[in-house]
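Asks: sequence and predicted structure are below.
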Amino acid sequence: MTLQLSNPSLFVQQALIAGEWRDAGGGATIAVEDPATGATIGTVPDCTAQDTQAAIAAAEAAWPAWRARTAGDRAALIERWYALVMENVADLGRIMTAEQGKPIAEAEGEIRYAATFIKWFAEEGRRIDGSIVPGPEASRRILVMKQPVGVSAAITPWNFPAAMITRKCSPALAAGCPVVVKPSDLTPFTALALAKLAQDAGIPAGVINVLTGRPEAIGAALTASPVVRKLSFTGSTRVGALLMRQSADTIKRLSLELGGNAPLIVFDDADVDLAVASTMASKFRNAGQTCVCANRILVQDGVFDTFAAKLAAAVSALKVAPGDRDGATIGPLINHAAIDKVRAHVDDALSHGATIYAQAGEVASDAGADRFATPVVLTGATRDMRLADEETFGPVAPLFRFTHEAEAIELANATSYGLASYFYTENLHRAFRVAEALETGMVALNTGGIAMEMAPFGGIKQSGLGREGAHAGIEEYLETKAFHIGGLKA
Ligand code: SIN
């Protein structure tokens, strides 16, 4: 398969270590498929533990000079990276659609979204400050300083092949930390293209390294290394827990953005049209393959029928097709395992009494129709179904009916996850009551969008640790040092 790009140099099939594009130590490669068709797009090196050591060593060597630059110098290079990403939105979007499947418009939207983190953190890097606190005696001053944590690793997922990289790497770079990035083996090309643009922007050799390949050897080497002082991971709770265990011996700082099981609650006093529009945005973005997407839709008796009918109309209008097809709004799922999980959740729900209330039309595809999941609205969802407890990660909208506010809160919180929640009401008193009661790191009232560069993103409970975006996102790459100065004379 040949990708038509205006800038063909962006399609790179090698890893980036110490500023050089390299094959894997043993020469092994892995093939990357277009999820819409199964066709091979290209291959990337299957990097080894030794390649990982080389990337860590390159980052360590680059660190002293990178941290010694002024924040303004670093910001200028990072802003140049931002400009190049924005100049190449169309090519980057094409690469992403080819390897990830999302519709072109959505892929380009993700590139622009990814770029906002680059710009934001270039600016935040100039605003790293400390403080002076009063000491216990007149002759002492205590300065609280912020310093870069050091070599940082980023392990990123396939569902947002660009934004999860820029949300981790931009604050690291702005804070003065070099990075070793391990993108998903399903979507490495977007990461390599971003790294190429970082190189073109003049970010020095060794400051950004990208290792491609299967995760086990690379993850084990990154977590075992005492040189890697910080690891940021986005992915499943199972893998997050594994990385946390593997990082224990080197006491690494961790940011973990893990699974979710977001409730979306529509109260009787909601603006139903707004609730439907933003349910569509939250639930069906990236074909439902996001950690923050609404997994359980809780609707109060009084608006249940109206909401269900309007949601059904919107879902029926979705166009399921390969991402590069005109008008596609829902692309393929990432692989067969994802399709199997979605089908298992729907079958389980049907066997426990749910009903398919509406679904999108046939898949518009000549090849690979078995790679797509039809978006469905289910009514009669109950808490004994798998989709009440597990993240479906697909285009399934199960509607749970409730009568009282307390019942909705109890159901919303009945999960080990705590990433995002959404609710719809026009009642101010209820707005505060519910926002304070929901056990999630992010709560959205009357909107389905919560991911943006200026807002802290992250979860509680088994949804993870730490925050990305906002000023909090750069703090994750900074150590706090107390500098005591004693013996000062009056
Ligand atoms: C995710 O949780 O899957 C990332 C979502 C986002 O950045 O919007």
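Replies: It's in. Keep in mind that what you see is a predicted model, and the values were worked out from it rather than measured.
Asks: shaky segments in the stretch 1-150 of the chain?
Replies: For the stretch 1-150 of the chain, the stretches with pLDDT under 70 are 1.
Asks: which element is the residue lying closest to residue 437 once chain neighbours are set aside on?
Replies: With sequence-adjacent residues excluded and distances taken as CB to CB, 6 or more residues apart in numbering, residue 437 is closest to residue 409, at 4.8 Å. In short, each C-beta sits where N, CA and C put it, glycine included. Using DSSP states H and E, residue 409 sits within helix 405-413.
Asks: the next helix or strand after that helix - contacts with which helices or strands?
Replies: Helices and strands here follow DSSP H and E; after helix 405-413, the next one along the chain is strand 417-418. Under the contact definition 3 or more CB pairs under 8 Å, 6 or more residues apart in numbering; DSSP states H and E, strand 417-418 sits against strand 460-461.
Asks: what count of nearby residues applies to the closest residue to the ligand within the stretch 201-350 of the chain?
Replies: At 3.1 Å from the ligand, residue 291 is the closest residue in the stretch 201-350 of the chain, using CB to the nearest ligand atom. Residue 291 has 28 neighbouring residues, counting by other CB atoms under 10 Å.
Asks: OK, contacts around the residue nearest to it when sequence neighbours are not counted?
Replies: The shortest distance from residue 291 to any non-neighbouring residue, by CB to CB, 6+ apart, is to residue 260 (4.3 Å). Residues near residue 260 by CB atoms under 8 Å, 6 or more residues apart in numbering: 291, 292, 293, 295, 391, 417, 419, 420, 459, 463.
Asks: ignoring the adjacent residues along the chain, who's closest to the fifth one?
Replies: Leaving aside its sequence neighbours, residue 391 sits nearest to residue 259 (CB to CB, 6+ apart; 5.0 Å).
Asks: count the residues that sit near that neighbour.
Replies: 23.
Asks: is it true that it touches residue 417?
Replies: Yes: with contact defined as CB atoms under 8 Å, residue 259 and residue 417 form a contacting pair (5.7 Å).
Asks: mind listing what residue 164 touches?
Replies: 154, 156, 157, 234, 257.
Asks: look up how far residue 158 lies from it.
Replies: 9 Å (CB to CB, to the nearest Å).
Asks: circling back to that earlier point, residue contacts, the residue of the stretch 201-350 of the chain closest to the ligand?
Replies: With CB under 8 Å, 6+ apart, residue 291 has these contacts: 159, 234, 257, 258, 259, 260, 391, 419, 420, 463.
Asks: wasn't it part of a helix?
Replies: No: under DSSP: H, G, I helix; E, B strand; the rest coil, residue 291 sits outside any helix and is assigned coil.
Asks: got the phi and psi for it?
Replies: According to degrees, to the nearest 10, the main-chain angles of residue 291 amount to phi -70, psi -30.
Asks: repeat that for the one 5 residues further on.
Replies: Main-chain torsions, residue 296, degrees, to the nearest 10: phi -130, psi 120.
Asks: distance of it from residue 412?
Replies: For residue 296 relative to residue 412 (CB to CB), the value is 8 Å.
Asks: need the overlap of contacts for the two.
Replies: Joint contacts of residue 296 and residue 412 (CB under 8 Å, 6+ apart) are residue 263.
Asks: please list all residues in contact with residue 482.
Replies: Residue 482 makes contact with 142, 143, 144, 145, according to CB under 8 Å, 6+ apart.
Asks: right, I mislabeled it, should have said residue 147
Replies: 67, 176, 478, 479, 481.
Asks: ok, now with 7 Å
Replies: 478, 479, 481 (CB atoms under 7 Å, 6 or more residues apart in numbering).
Asks: next, residue 47: secondary structure please.
Replies: Strictly by three-state DSSP, residue 47 counts as coil.
Asks: pretty sure it is touching residue 212, no?
Replies: Yes: contact criterion CB atoms under 7 Å: residue 47 and residue 212 qualify, at 5.9 Å.
Asks: anything in contact with each of the two?
Replies: residue 15.
Asks: can you give me the neighbour number for the closest residue in space to residue 394 that isn't next to it in sequence?
Replies: Excluding its sequence neighbours, the residue lying closest to residue 394 (CB to CB, 6+ apart) is residue 342, at 3.4 Å. Neighbourhood size, residue 342 [other CB under 10 Å]: 24.
Asks: next: residue 73.
Replies: By other CB under 10 Å, the residues close to residue 73 number 12.
Asks: can you list contacts of stretch 320-338?
Replies: 35-36, 97, 101-104, 107, 158, 186, 284, 287, 289, 318-319, 339, 342, 360, 363-365, 368, 371-375, 393-395.
Asks: now do stretch 223-241
Replies: 56, 60, 149-157, 164, 168, 222, 243, 246-247, 250, 252-259, 462, 464, 476-477.
Asks: now do stretch 90-103
Replies: 3, 5-7, 10-11, 32, 34-36, 41, 85, 104, 107-108, 110-111, 158, 161-162, 187, 189-190, 193, 286, 323-324, 328-329, 331-332, 334.
Asks: name the residues of that stretch that are buried.
Replies: 91-103 (16 or more other CB atoms under 10 Å).
Asks: what does stretch 389-403 give?
Replies: By neighbour count with 16+ other CB under 10 Å, stretch 389-403 contains the buried residues 390-402.
Asks: end to end, how far does that stretch reach?
Replies: This stretch, stretch 389-403, spans 21 Å end to end (CA to CA, to the nearest Å).
Asks: show me what contacts the closest residue to residue 349 other than its chain neighbours?
Replies: Excluding the flanking residues, the one nearest residue 349 by CB to CB, 6+ apart is residue 385, at 4.7 Å. Each residue near residue 385 by CB under 7 Å, 6+ apart is listed here: 348, 349, 352, 354.
Asks: farthest-separated two in those residues?
Replies: Pairwise distances across those peak at 8.8 Å for 348 and 354 (criterion: CB to CB).
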